[in-house]
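Visitor: please find the sequence and the predicted model below.
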Amino acid sequence: MTRGLAVAAVIALLPATVPAQTPARPKTAAKSSSKAAASKGVPRASDGKPDLTGVWQGGSERPGSWEEANTGAGVGGTGTDPTAAAAPSSNDRPAGREGAPYQPWAAQKVLDSFNKRAIDDPTSRCLPSGIPRIVMLGLFPQQIIQTPKQIVMLYEYMNVFRVVPLNAKHPDDLIPAYMGNSVAHWDGDTLVVDVTGFNDKTWLSGTGTFHSDELHITERYTRVSKDRINYEVTMEDPKVLTKPWILHSSLMLREGTRLQEYVCAENNLAPDNYELLLKEGAKITRQ
Amino acid sequence: MPRQPAEYGTQMADNSEYTERLREIMTRTIFGMWRLAAALTLLATALLAHHSFGAEYDATKPVTLTGVITKIDWTNPHSFFFIDVKDDKGGVANWKLEGYPPSVLSRTGWKKDVTMKVGDTVTVFGWHARDGSNWAHSRQVTFADGKKLFFGPPAGTGDGGNTPAVEVSK
């Protein structure tokens, strides 16, 4: 017992960036099993609302620390097992997901980007990746800080943020923005975030999934356990879509992970490389 | 009987049977890797970023290089390292290898200036740039002690995958 506690203590002191080869940390099963119900409990803030505060990983359903959840394939192939199933990028359409409901002319434009292998991806020029793309990607963590009056969402990818006031109206002097303008309210235990005021320079989810400045997004964050937030997003854009586009995803708690700097403009060679390859006549396109 | 690499090296030059055998193995390997990559993409569910490795690098041209590290740039949005690779004729070519950004490397087990240093000899598996120059997307790095780490994502990452986001009517 004492030895077990000592091991647990040593493990708890390991830094968050411990090499991924480290064997999966043994779960403190005895403690959690005796209080199974409590461990599954959703943390509550002082005002009684579910507390979404924490560092989260999108695009995953695996509980545990970042290292534990990414030892096999790892999000973006960051794991340690070369034979594990790798993961596609946020430019890819996840297997099984139905096609996005674009109007025919707009669908053709999406397809054009796909055939160009995403060389027109706004993020290749270091522009913010917009919503919901940035929420659903898993290579980089995101952090939520909840207070009774506002919720702050921080994203390592592109180092962008959202300050989301509760029970407020959108300002009437919005300037079109990459991350839009967000306001939120609680619907029972679900945080509902209304986002508008977008520019038309981001992709929604997948290569070429452009939108217009009439994009309106409704996000629903429901913390269903200590480890997990269920994420539902509804995208409405009458200029390019035929009907609301609804996606479901999840955010998994990554205790011990910290957000880091990501200054994309530092050494972004992609646009020049694309130009060079095209100039040289290299075959990039699919057709 | 399994043949050692050195044995291949000494016999290949004047033995067409071995040359043919080697060609067959390479063809099978490349075809197998292509099928594996396709299968892995289909199985995958998780999402990542950044922009298109698949536009710059050819997933049908895997490359394995052994060389000495000459420079390492832990930079955003992607990191790079450079290695001197000797060829059969005694020449040396400097290759540029691209991979994950610093924050992802640190969460993947890398420590800057510790895990890999200038002067170290490493073997890199990745995919060749589409223009055929000495430039590649690095996937797995094998160190002198046999330890392996991923420096970059799987082939084709960021190029849109196998299926467009919209239904295609033909």
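Guide: Structure received. Owing to the predicted nature of the structure, the values given are computational and were not obtained by experimental measurement.
Visitor: shaky segments in chain B?
Guide: Within chain B, the segments meeting pLDDT under 70 span B:1-50, B:169-170.
Visitor: what about 80?
Guide: Residues of chain B that meet the criterion pLDDT under 80 lie in B:1-51, B:168-170.
Visitor: strands of the chain, residue ranges please.
Guide: Chain wasn't specified; assuming chain A. For chain A, applying DSSP state E gives strands covering A:54-58, A:142-146, A:150-155, A:160-165, A:181-187, A:190-196, A:216-223, A:228-236, A:245-253.
Visitor: nope, chain B
Guide: With DSSP E as the definition, chain B shows strands at residue ranges B:57-73, B:79-86, B:92-99, B:121-129, B:135-142, B:148-150.
Visitor: note down every partner strand of the fifth one and its orientation.
Guide: In the sheet containing strand B:135-142, its partner strands are strand B:92-99 (parallel), strand B:121-129 (antiparallel), strand B:148-150 (antiparallel), by DSSP bridges.
Visitor: kindly reformat those strands as JSON lines containing mean neighbour count.
Guide: (Each C-beta comes from the backbone N, C-alpha and C, glycine too.) Formatted as JSON lines, the strands paired with strand B:135-142 follow (neighbours: other C-beta atoms under 10 Å in any protein chain shown):
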{"stretch": "strand B:92-99", "mean neighbour count": "19"}
{"stretch": "strand B:121-129", "mean neighbour count": "21"}
{"stretch": "strand B:148-150", "mean neighbour count": "21"}
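Visitor: okay, the ones you listed in CSV with distance to A:F210 next?
Guide: Formatted as CSV, the entries for these read as follows, by distance: least, C-beta to C-beta, whole Å:
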stretch, distance to A:F210
strand B:92-99, 27
strand B:121-129, 28
strand B:148-150, 31
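Visitor: out of the ones you listed, which comes closest to A:G79?
Guide: Relative to A:G79, the nearest member of these by C-beta to C-beta is strand B:148-150, separated by 7.4 Å.
Visitor: give me the contacts around the closest one.
Guide: When contacts are defined by C-beta atoms under 8 Å, 6 or more residues apart in numbering or on different chains, strand B:148-150 is touched by residues A:20-21, A:74, A:77-80, A:82, B:99-100, B:108-110, B:115, B:139-143.
Visitor: tell me which of the residues you listed fall in helices.
Guide: Among those, no member falls in helices (criterion: DSSP state H).
Visitor: can you redo the strands of chain A as a markdown table with mean neighbour count, mean pLDDT and distance to chain B?
Guide: Conversion of these to a markdown table gives the following (neighbours: other C-beta atoms under 10 Å in any protein chain shown; pLDDT from 0 to 100; distance: least, C-beta to the nearest C-beta, whole Å):
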| stretch | mean neighbour count | mean pLDDT | distance to chain B |
| --- | --- | --- | --- |
| strand A:54-58 | 24 | 97 | 7 |
| strand A:142-146 | 20 | 98 | 12 |
| strand A:150-155 | 19 | 98 | 11 |
| strand A:160-165 | 17 | 98 | 12 |
| strand A:181-187 | 16 | 98 | 21 |
| strand A:190-196 | 20 | 98 | 19 |
| strand A:216-223 | 20 | 98 | 16 |
| strand A:228-236 | 19 | 97 | 12 |
| strand A:245-253 | 20 | 96 | 8 |
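Visitor: out of the ones you listed, flag the one nearest B:D88.
Guide: Nearest to B:D88, of all these, is strand A:54-58, at 45.8 Å by C-beta to C-beta.
Visitor: where does A:P244 land on pLDDT?
Guide: Predicted confidence (pLDDT) at A:P244: the value is 97.
Visitor: OK, contacts around it?
Guide: A:P101, A:T234, A:M235, A:E236.
Visitor: equivalent analysis for A:E232, please.
Guide: For A:E232, the contacting residues are A:E219, A:R220, A:T222, A:I246, A:L247, A:H248, by C-beta under 8 Å, 6+ apart.
Visitor: quickly list what it is bridged to.
Guide: For A:E232, the beta-bridge partners are A:R220, A:H248 (DSSP bridges).
Visitor: so how far is A:I246 from it?
Guide: When C-beta to C-beta, to the nearest Å is applied, the distance between A:E232 and A:I246 equals 7 Å.
Visitor: for the stretch 1-150 of chain A, what spans make up the helices?
Guide: Taking DSSP state H, counting those that start in this stretch as the criterion, the stretch 1-150 of chain A carries its helices at A:2-13, A:29-34, A:36-40, A:66-69, A:104-115, A:133-136.
Visitor: wait, A:S124 touches A:Y274, no?
Guide: Yes. With contact defined as C-beta atoms under 8 Å, A:S124 reaches A:Y274; the gap is 7.4 Å.
Visitor: make a PyMOL selection of the buried ones in the contacts of strand B:148-150.
Guide: A single PyMOL command suffices to select whichever of the contacts of strand B:148-150 are buried according to 16 or more other C-beta atoms under 10 Å in any protein chain shown:
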select buried, (chain A and resi 20+74+77+78+79+80) or (chain B and resi 99+100+108+109+110+115+139+140+141+142)
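Visitor: so for A:V152, what's the nearest residue that isn't a sequence neighbour?
Guide: Taking C-beta to C-beta, 6 or more residues apart in numbering or on different chains, and ignoring the residues beside it in sequence, A:V152 has A:I145 as its nearest neighbour in space, at 4.4 Å.
Visitor: can you redo the contacts of A:E232 as CSV with distance to A:A106?
Guide: Supplementary listing: the contacts of A:E232 in CSV, determined by distance: C-beta to C-beta, whole Å:
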residue, distance to A:A106
A:E219, 22
A:R220, 25
A:T222, 31
A:I246, 17
A:L247, 17
A:H248, 23
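Visitor: nearest to A:V263, out of the strands of chain A?
Guide: Closest of the strands of chain A to A:V263 is strand A:160-165, at 11.9 Å (criterion: C-beta to C-beta).
Visitor: elements contacting that closest one?
Guide: Using 3 or more C-beta pairs under 8 Å, 6 or more residues apart in numbering or on different chains; DSSP states H and E as the contact criterion, the elements in contact with strand A:160-165 are strand A:150-155, strand A:181-187.
Visitor: ok and that strand relative to strand A:181-187, angle-wise?
Guide: Relative orientation of strand A:160-165 and strand A:181-187, computed by axes from the mean of the first three to the mean of the last three C-alpha atoms, to 10 degrees: 50 degrees.
Visitor: contacting residues around strand A:160-165?
Guide: By C-beta under 8 Å, 6+ apart, the list of residues contacting strand A:160-165 from outside reads A:128, A:134, A:149-155, A:178-179, A:182-184, A:193.
Visitor: and the end-to-end length of stretch A:258-276?
Guide: Taking C-alpha to C-alpha, to the nearest Å, the span from the opening residue of stretch A:258-276 to its closing residue is 37 Å.
Visitor: oh sorry, the question was meant for stretch A:274-287
Guide: This stretch, stretch A:274-287, spans 17 Å end to end (C-alpha to C-alpha).
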